[in-house]
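S.K.: I would like to see how this sequence folds:
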Amino acid sequence: MQINDFKFTIKSLFFDENYLPNDTTRITTNFANLARGESRQSNLRNALAMINNSFNSLAHWDNPNADRYSVELEIISVEIQVDSKEQSFPSIEILKTHVLDHQTNLRMEGIVGNNFSSYVRDYDFSVLLLEHNKDKTVFSIPDDFGELHGKLFKNFIKSDEYTENFNKLPVICLSVSDNKTYYQTDNQHPILGVEYQPNESSLTEQYFKKMGLKVRYFMPPNSVAPLAFFFFGDLLNDYTNLELISTISTMETFQKIYRPEIYNANSVAGKCYRPNLKNSDHSLTQIVYDREERSQLAVKQGKFAEEHFIKPYQSLLEKWSTNAV
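M.R.: Residues are numbered from 1 along each chain as shown. The predicted model follows:
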């Protein structure tokens, strides 16, 4: 089996107030989680309004009424086919931003990536890692942890399907880790804000490094905590201001909903910052969200990946992963 034997299929669906998740969407994904239950439409409407308000606040030049721009979000679903005789398996889901300039009537491409959702990642963290540590007193990580996932992701980024659909490499924006300490540096970017550095590498950092991604931590203007930006190349120079703002406004909105203790806190991160998910001094958004249910579903989805992807193709995947770069 050769590295180019994988076939990727890319599908897209716009994320708006009428959005309904499709059958292969991970239901724990940020955008899919909002589109469930009685409050689904108000959830979606409020989240999109928060994104647009945040965008206009950051893109304040030539924007006196703070209403010049709006953001469109496109859900990108990637399916992988290991064997041409078999059905495709849902691999990852990411978001692509588009920026609408209502003054010039232009529609501009933003950044692809942003949110990152992966069934195999669920398997690694919610099944494999738990089983590996089941009877151990000291937490440890399997030697090959994240290897297969990382190589699959890099294979997709190098694929014809990716280059034909996207002009730039992805940027993924996540929450900071609540068991690390972050120290403010003297470096400041006009859009990304003040840079922070962690006291040590996190498991998420190590996992994304195997995907070929570097990480930097910035707290944007008007924000109260730094965000983790995972990227290829040069984060500060490969993307325009509006592209970066589209990612910040989108992903910080999701974090305010899902991690209000950190990103909707009533005080701003200081020079030495330790995120705290038990912080009671925070505000809630007007969006309904069940965090406990979300964590339980991650295990179910990890087992789904094990049953329908890892076990059926185990020997093929192991052989390919051994030879892949």
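
S.K.: this structure: helices as residue ranges?
M.R.: With helices called from DSSP state H, the chain shows them at 30-34, 40-58, 119-123, 129-132, 147-157, 160-165, 203-209, 241-258, 260-263, 291-305, 314-323.

S.K.: give me the helices and strands touching the third one, please.
M.R.: With contacts defined as 3 or more C-beta pairs under 8 Å, 6 or more residues apart in numbering; DSSP states H and E, helix 119-123 has these neighbours: strand 89-101, helix 147-157, helix 291-305. All C-beta spots, glycine's among them, are computed from the backbone N, C-alpha and C.

S.K.: show me where pLDDT drops low in this protein?
M.R.: Along the chain, the model assigns pLDDT under 70 to residues 1-5, 22-33, 35-37, 84-85, 289-296.

S.K.: distance of the residue nearest in space to the middle of it from E93?
M.R.: Nearest to the geometric centre of the chain sits N115, at 2.5 Å (C-alpha atoms, centre = their mean). Per C-beta to C-beta, to the nearest Å, N115 is found 7 Å from E93.

S.K.: want to throw the helices of the chain into a markdown table with distance to V82 and mean neighbour count?
M.R.: What follows is the helices of the chain, written out as a markdown table (distance: least, C-beta to C-beta, whole Å; neighbours: other C-beta atoms under 10 Å):
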| stretch | distance to V82 | mean neighbour count |
| --- | --- | --- |
| helix 30-34 | 25 | 23 |
| helix 40-58 | 34 | 19 |
| helix 119-123 | 12 | 24 |
| helix 129-132 | 23 | 14 |
| helix 147-157 | 10 | 20 |
| helix 160-165 | 15 | 12 |
| helix 203-209 | 22 | 18 |
| helix 241-258 | 31 | 24 |
| helix 260-263 | 38 | 20 |
| helix 291-305 | 13 | 16 |
| helix 314-323 | 6 | 13 |
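
S.K.: closest to Q103 out of those helices?
M.R.: Ranking these by their distance to Q103 (criterion: C-beta to C-beta) puts helix 40-58 first, at 11.6 Å.

S.K.: what angle separates that closest one from helix 241-258?
M.R.: Per axes from the mean of the first three to the mean of the last three C-alpha atoms, to 10 degrees, the angle that helix 40-58 makes with helix 241-258 is 140 degrees.

S.K.: then helix 40-58 to CSV, C-alphas only?
M.R.: Provided in CSV are the C-alpha atoms of helix 40-58 (Å, rounded to 0.1, in the frame of the first residue of the first chain):
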residue,chain,number,x,y,z
ARG,A,40,-30.9,25.3,18.3
GLN,A,41,-31.9,28.3,16.2
SER,A,42,-31.4,30.9,18.8
ASN,A,43,-28.1,29.3,19.7
LEU,A,44,-26.9,29.6,16.1
ARG,A,45,-28.3,33.1,15.7
ASN,A,46,-26.6,34.4,18.9
ALA,A,47,-23.3,32.7,18.1
LEU,A,48,-23.1,34.2,14.6
ALA,A,49,-24.0,37.6,16.1
MET,A,50,-21.2,37.3,18.6
ILE,A,51,-18.7,36.4,15.8
ASN,A,52,-19.7,39.4,13.7
ASN,A,53,-19.6,41.8,16.7
SER,A,54,-16.1,40.5,17.6
PHE,A,55,-14.9,40.8,14.1
ASN,A,56,-16.0,44.4,13.7
SER,A,57,-14.5,45.3,17.1
LEU,A,58,-11.1,44.0,16.0
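
S.K.: show me the contact partners of that helix.
M.R.: Helix 40-58 is contacted from outside by 15-19, 34-35, 37, 63, 66-71, 73, 99, 191, 220-222, 245-246, 248-250, 252-254, 256-257, 285-289, using C-beta atoms under 8 Å, 6 or more residues apart in numbering.

S.K.: can I get the helices of the chain in TSV with distance to Y182?
M.R.: Shown next, in TSV, are those (distance: least, C-beta to C-beta, whole Å):
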stretch	distance to Y182
helix 30-34	22
helix 40-58	21
helix 119-123	23
helix 129-132	24
helix 147-157	24
helix 160-165	32
helix 203-209	12
helix 241-258	15
helix 260-263	11
helix 291-305	22
helix 314-323	33
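
S.K.: tell me the phi and psi of the residue nearest to F218 when sequence neighbours are not counted?
M.R.: Residue nearest to F218 in three dimensions, not counting chain neighbours: L192, with 3.9 Å by C-beta to C-beta, 6 or more residues apart in numbering. L192 has phi and psi values of phi -70, psi -30 when expressed as degrees, to the nearest 10.
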